[in-house]
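1. What follows is a protein structure lacking sequence information:
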């Protein structure tokens, strides 16, 4: 029903539901079924041609053959949930560098997606503001200490600058992270409540680089969402760029193959 601009190209067409002879086939692929009239509603994902081709050219220049392109939300849907979770329902919370993308999944499809401004950069900015340090120092503190789950067992000094009279201890950093986690979790809860999702039976799965933020799962569980866990993958939750992203995959390829 929409016209695709000439400078855009279609990356994915993601079916929402099918109609066979005016009968709704919810969450089912109609292949093998018989009908006189087939209709479907779908999300059409487009990108500017220069950007899409630029990504493909970049990866192919590394010697990697590109067979297809998939929008990240649908890629996560394909990779992360189990078959049972795709059918019965789950919520994917993809915490990136600048934004968090929430996907409601059920009946073997992505039902709805929403994005809000929370990510790794927000945490860096919060640490910088809390302690009066530069963004470079805040990023260092976040990467080195805020994404580790182990406890040091004592309130040690993590960073000190006598000239600026700044002292960051483990307890002070964890207090700053607690504030970030609280803001994020309550924003997420408001969205999930708006969607009327049964969180007692529907798991909430954290994924992306920000999923490794210290205390995030515990904070979310403490406000009543016990069915919450983090997706474990060599590409997810690691510090740096090693998560499910184009850049992360390219970086790993270079490290493994170019000496």
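-> Received it, and whenever you're ready, just let me know what you need. Note that the structure is predicted; figures quoted are calculated from it, not measured.
2. where in the stretch 101-250 of the chain is pLDDT low?
-> For the stretch 101-250 of the chain, residues meeting the criterion pLDDT under 70 lie at 147-154, 232-250.
3. what about the helices in it?
-> Using DSSP state H, counting those that start in this stretch, the helices of the stretch 101-250 of the chain run over residues 120-131, 135-141, 170-194, 216-222, 246-257.
4. quick one: which of those helices is nearest residue 23?
-> When the helices of the stretch 101-250 of the chain are compared by CB to CB, helix 170-194 sits nearest residue 23, at 29.8 Å. In this view, the C-beta of every residue, glycine as well, is placed from N, C-alpha and C.
5. quick one: the closest one to helix 120-131, angle?
-> Relative orientation of helix 170-194 versus helix 120-131 (axes from the mean of the first three to the mean of the last three CA atoms, to 10 degrees): 140 degrees.
6. buried ones in helix 170-194?
-> Neighbour counts over helix 170-194 (16 or more other CB atoms under 10 Å) mark 170, 172-174, 176-177, 180-181, 184-185, 188, 191-192 as buried.
7. Give me the most central residue, this structure.
-> Nearest to the geometric centre of the chain sits residue 94, at 1.6 Å (CA atoms, centre = their mean).
8. From what I see, that one and residue 75 are in contact.
-> No - using CB atoms under 8 Å, residue 94 makes no contact with residue 75, being 10.1 Å away.
9. State which strand of the protein is the longest.
-> Looking across the chain with DSSP state E, the single longest strand is strand 8-20.
10. after it comes which helix or strand?
-> Using DSSP states H and E, the helix or strand that follows strand 8-20 in sequence is strand 23-25.
11. Sheet partners, orientation included, of that next one?
-> With DSSP bridges as the test, strand 23-25 is paired with strand 8-20 (antiparallel).
12. list the buried ones in the partner strand?
-> Those would be 9, 11-12, 14-15, 17-18, 20, for strand 8-20 by 16+ other CB under 10 Å.
13. any chance of those residues in TSV, plus distance to residue 64?
-> TSV is the format used below for those (distance: CB to CB, whole Å):
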residue	distance to residue 64
9	20
11	18
12	20
14	24
15	28
17	35
18	34
20	39
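14. you'd agree residue 10 is up against residue 46?
-> Yes - counting by CB under 8 Å, residue 46 is a contact partner of residue 10 at 5.6 Å.
15. how many other residues sit next to the nearest residue to residue 114 once chain neighbours are set aside?
-> Nearest residue to residue 114, sequence neighbours excluded (CB to CB, 6 or more residues apart in numbering): residue 102, at 5.1 Å. Using other CB atoms under 10 Å, the number of residues around residue 102 comes to 21.
16. which ones are touching residue 102?
-> Applying CB atoms under 8 Å, 6 or more residues apart in numbering, one finds that residue 102 lies in contact with 91-94, 113-116, 188, 191-192.
17. how much space is there between it and residue 129?
-> Distance, residue 102 to residue 129, using CB to CB, to the nearest Å: 26 Å.
18. where do the contact lists of residue 10 and residue 46 overlap?
-> Counting by CB under 8 Å, 6+ apart, the contacts common to residue 10 and residue 46 are residue 4.
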